[in-house]
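S.K.: following is a predicted model, sequence given first.
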Amino acid sequence: MRAALYARVSTEEQTEGYSIDAQKRAFQRLCEERGWIPHYEYIEAGKSAHTDDIRKRPVFKQAIDDALSGQYDVLVVHRIDRFARRVAITIEYFEKLSKAGIGFVSIENNLDYSTPEGKLMFLMQGGLAEYYSENLSRETKKGWNERRKQGLYCGALPFGAMKGDDKIPIPDMQPRQIGTNGHTTTVRNYEGLLAGFQMSLAGTSDRDIAIALNEQGYRTTGTRGPRPFAKESVRGLLKNRFYIGYIPDGNGGWIKAQHDPMIDAELFEAVQVKRKKDSQSTHKHSSQNKTVYSLTGIIFCWYCKEAGNEGRIHVSCMKNGIPRLGCYNRAKGWGCTQKSGRLDIYEEQIRGYLDTFTIPQDYQKRILQMHSQLNQSYDVENEAGQLKRRLKRLKDLYKWGDIDKAEYQRDKQQIESELGRLAPFQAPVQELERLAEFLGNIVKAWDMATNEQRNKLARTLFQEIWLRDQEVIAVKPQPEFEPFFKLNWEEYCEVMKSKSRPSPVSPSNTCG
């Protein structure tokens with residue numbers, strides 16, 4: 001039996017000294033006593049189990065997903081409330097584990113879910129865990145209400161503030177050593193806070209303020225730990241009346257606090273007026289000028305792909321009336337090194353690539369031959385069977401709530417696309433002729449097209465276009481055009497090989 005441990009400790013329990021190590025030791029003893037193989041330990045620190053959304057507990061979600069995919073045989077917890085504090089969640093995921101043939105053991109509760117007695121004990125223990133959690137929540141709310149009456153802040157302090165000797169918030173002037181580009185920089189969060197307000201008053205956008213703070217080494221504070229600033233976190237910071245001496249009253253309003261203002265009230269109000277005015281102007285401008293550019297919606301960052309992230313490229317700014325493209329992940333401060341570039345630079349590369357497109361006389365025969373060889377190179381039926389099983393499994397995970405709708409639709413589209421590529425190529429001759437004629441005239445159409453028309457052309461040809469700094473590094477054709485791109489690529493490589501010149505853009509259905 002392969003046994004896995006799920007160990008959890010919330011933020012409150014961490015402060016009380018509750019030990020993850022104790023849960024690990026109990027797990028190891030159990031495995032030794034029963035002769036089980038300790039397969040894996042899923043450790044989740046600083047997470048509460050009083051939630052119906054398991055996406056807020058990513059390690060728990062991973063433990064369940066691995067169980068349902070058969071990676072281990074029994075899930076072990078130290079106590080039932082480590083698993084969940086909500087009876088509905090406990091019942092739901094116990095049933096999933098049971099249907100998948102996965103055992104469950106709670107060491108301290110002496111609970112084995114596979115027996116009728118264990119099921120009864122499970123319901124009783126789960127009910128007690130939920131009662132304890134709700135009672136703790138109720139007592140916590142009482143404490144917060146009392147703190148508010150005294151003018152004291154509840155929860156983690158906002159960026160730029162820290163507790164003074166008397167526990168009253170004061171400006172955070174604590175020096176922090178930050179390593180940036182091989183150099184060590186000293187930052188003080190309160191100075192970053194002031195800089196953010198000054199930049200906003202000068203008309204700097206929330207996104208550009210986030211970029212500036214990240215580049216200077218500042219990171220957010222709070223329960224989620226230090227993270228790069230995003231425009232959303234900057235927006236919340238600049239609207240927070242905590243900085244002028246107020247705290248939330250718990251009902252959507254504000255009350256006077258004990259701590260002194262950290263931002264001058266006139267500066268704070270001037271920033272609010274400026275932001276409101278800029279927001280109205282931006283909304284009016286964007287509603288009147290919704291520009292669609294030639295590559296909108298199909299361009300991605302190659303650096304983010306190599307890092308395992310999805311990095312979309314978008315128009316980051318206009319300089320001298322010329323749009324520039326930048327990586328959205330870099331704008332959020334996620335460490336991407338993608339350099340921005342003018343849109344027309346990428347357009348010129350795409351146009352140059354399309355201009356090299358030649359359709360050989362025997363293209364129909366060669367395309368059909370190419371697909372015939374491809375189908376013979378692997379077991380289509382076996383591959384299709386695996387993909388169909390993956391698709392069924394994906395539907396089950398979505399039905400059970402283990403993945404959200406966006407994740408389900410994305411993975412479903414990818415699997416169905418792979419299934420489509422497995423189908424034998426049976427394009428009629430007239431279809432091949434129509435596509436070949438379209439590709440033969442595409443450059444002329446591109447030159448005469450408006451931005452919106454170019455975007456339609458680009459979307460007709462490509463699913464994805466990948467950029468690395470100021471280069472188009474790869475393209476992913478639409479399935480119906482893929483045979484022509486592969487055929488043309490072979491022709492082009494032969495020509496370049498004879499001339500000993502490197503090839504500029506690679507068409508690939510995997511962007512590899």
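M.R.: It's in. Residues are numbered from 1 along each chain as shown.
S.K.: which residues in the stretch 401-512 of the chain form strands?
M.R.: Secondary structure of the stretch 401-512 of the chain, counting by DSSP state E, counting those that start in this stretch: strands at 462-468, 471-477, 506-507.
S.K.: any chance of these in JSON lines, plus mean neighbour count and distance to residue 34?
M.R.: In this view, the C-beta of every residue, glycine as well, is placed from N, C-alpha and C. Below are the strands of the stretch 401-512 of the chain laid out as JSON lines (neighbours: other C-beta atoms under 10 Å; distance: least, C-beta to C-beta, whole Å):
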{"stretch": "strand 462-468", "mean neighbour count": "20", "distance to residue 34": "50"}
{"stretch": "strand 471-477", "mean neighbour count": "19", "distance to residue 34": "51"}
{"stretch": "strand 506-507", "mean neighbour count": "18", "distance to residue 34": "54"}
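S.K.: save those strands as a markdown table, and put in mean pLDDT and distance to residue 321 too.
M.R.: Shown next, in a markdown table, are the strands of the stretch 401-512 of the chain (pLDDT from 0 to 100; distance: least, C-beta to C-beta, whole Å):
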| stretch | mean pLDDT | distance to residue 321 |
| --- | --- | --- |
| strand 462-468 | 91 | 21 |
| strand 471-477 | 90 | 23 |
| strand 506-507 | 56 | 32 |
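S.K.: want to try TSV for those strands, with distance to residue 147 as columns?
M.R.: Shown next, in TSV, are those (distance: least, C-beta to C-beta, whole Å):
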stretch	distance to residue 147
strand 462-468	51
strand 471-477	55
strand 506-507	60
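S.K.: which residues of the stretch 351-500 of the chain score low on pLDDT?
M.R.: Residues of the stretch 351-500 of the chain that meet the criterion pLDDT under 70 lie in 360, 364, 367-383, 400-404, 420-432, 491-500.
S.K.: next SSE downstream of the one helix or strand in the chain whose mean pLDDT sits lowest?
M.R.: The weakest-scoring helix or strand in the chain, judged by mean pLDDT, DSSP states H and E, is helix 11-15 (a mean of 47). Counting by DSSP states H and E, the element after helix 11-15 in chain order, helix or strand, is helix 20-34.
S.K.: show me what counts as buried in that following helix.
M.R.: Buried residues in helix 20-34, counted by 16 or more other C-beta atoms under 10 Å: 20, 23-24, 26-27, 30-31.
S.K.: pLDDT on it, on average?
M.R.: Taken as a whole, helix 20-34 carries a mean pLDDT of 88.
S.K.: also stretch 320-332?
M.R.: Here stretch 320-332 scores 80 as its mean pLDDT.
S.K.: what do you get for stretch 79-89?
M.R.: Stretch 79-89 comes out with an average pLDDT of 73.
S.K.: span of that stretch from start to end?
M.R.: By C-alpha to C-alpha, to the nearest Å, the extent of stretch 79-89 from end to end equals 15 Å.
S.K.: beta partners for the nearest residue in space to residue 322 that is not next to it in sequence?
M.R.: Among residues not flanking residue 322 along the chain, residue 342 sits closest, at 5.5 Å (C-beta to C-beta, 6 or more residues apart in numbering). Counting by DSSP bridges, residue 342 forms beta bridges with residue 324.
S.K.: show the model's pLDDT score for residue 342.
M.R.: pLDDT, read off for residue 342, is 90.
S.K.: tally of neighbours for it?
M.R.: Other residues lying near residue 342 total 15 when counted by other C-beta atoms under 10 Å.
S.K.: quick one: contacts for residue 63?
M.R.: Contacts for residue 63 (C-beta atoms under 8 Å, 6 or more residues apart in numbering) come out as 4, 6, 42, 75.
S.K.: list just the nearest of these to residue 217.
M.R.: Each of those was checked against residue 217 using C-beta to C-beta; the closest is residue 42, at 33.2 Å.
S.K.: shouldn't the closest one be within a strand?
M.R.: Yes - under DSSP: H, G, I helix; E, B strand; the rest coil, residue 42 sits within a strand.
S.K.: surely it is in contact with residue 62?
M.R.: Yes - using C-beta atoms under 8 Å, residue 42 makes contact with residue 62 at a distance of 6.5 Å.
S.K.: flag the shaky bits of the stretch 101-250 of the chain, pLDDT-wise.
M.R.: For the stretch 101-250 of the chain, the stretches with pLDDT under 70 are 114-123, 125-130, 132-134, 136-137, 179-182, 223-225.
S.K.: which residue ranges of it form strands?
M.R.: 103-106, 111-112, 161-163, 169-171, 176-180, 183-187, 246-248.
S.K.: for the residue located most distally from the centre of the chain, what is the enclosing helix or strand?
M.R.: Residue farthest from the centre of the chain, counting by C-alpha atoms, centre = their mean, is residue 361 at 46.5 Å. Using DSSP H and E, residue 361 maps to neither a helix nor a strand.
S.K.: residue 412 - how many residues pack around it?
M.R.: Residue 412, neighbours per other C-beta under 10 Å, totals 15.
S.K.: what is residue 169 paired to in the beta sheet?
M.R.: Legend: beta-bridge partners of residue 169 under DSSP bridges are residue 163.
S.K.: correct me, but it touches residue 163?
M.R.: Yes - taking C-beta under 8 Å as the definition, residue 169 is a contact partner of residue 163 at 6.3 Å.
S.K.: where do the contact lists of these two overlap?
M.R.: Between them, residue 169 and residue 163 share these contacting residues under C-beta under 8 Å, 6+ apart: residue 157.
S.K.: ok, those two, which is more surrounded?
M.R.: Set residue 169 next to residue 163 and count neighbours by other C-beta under 10 Å: residue 169 wins out with 23 against 13.
S.K.: distance of the residue nearest to residue 322 relative to residue 465?
M.R.: Distance from residue 342 to residue 465, counting by C-beta to C-beta, to the nearest Å: 15 Å.
S.K.: what's the answer for residue 361, then?
M.R.: Applying C-beta to C-beta, the value for residue 361 to residue 465 is 29 Å.
S.K.: measure residue 255 to residue 160 for me?
M.R.: Distance, residue 255 to residue 160, by C-beta to C-beta: 21 Å.
S.K.: now do residue 57
M.R.: Applying C-beta to C-beta, the value for residue 57 to residue 160 is 30 Å.
S.K.: between the two, which one's more packed in?
M.R.: The neighbour comparison of residue 57 against residue 160 (other C-beta under 10 Å) goes to residue 160, with 26 against 20.
S.K.: OK, contacts around the more buried one?
M.R.: 171-172, 189-190, 192-194, 237, 243, 262.
S.K.: identify the farthest-apart pair in those.
M.R.: Maximum distance among the contacts of residue 160 (C-beta to C-beta): 14.1 Å, for 171 and 237.
S.K.: tell me which of these two has more neighbours.
M.R.: For residue 171 and residue 237, the more surrounded residue by other C-beta under 10 Å is residue 237, and the numbers stand at 24 against 20.
S.K.: I'd guessed residue 204 sits against residue 212; true?
M.R.: Yes - between residue 204 and residue 212 a contact is recorded at 7.5 Å, counting by C-beta under 8 Å.
S.K.: which of the contacts of residue 63 lies closest to residue 350?
M.R.: Among these, residue 42 lies closest to residue 350 (C-beta to C-beta), at 46.0 Å.
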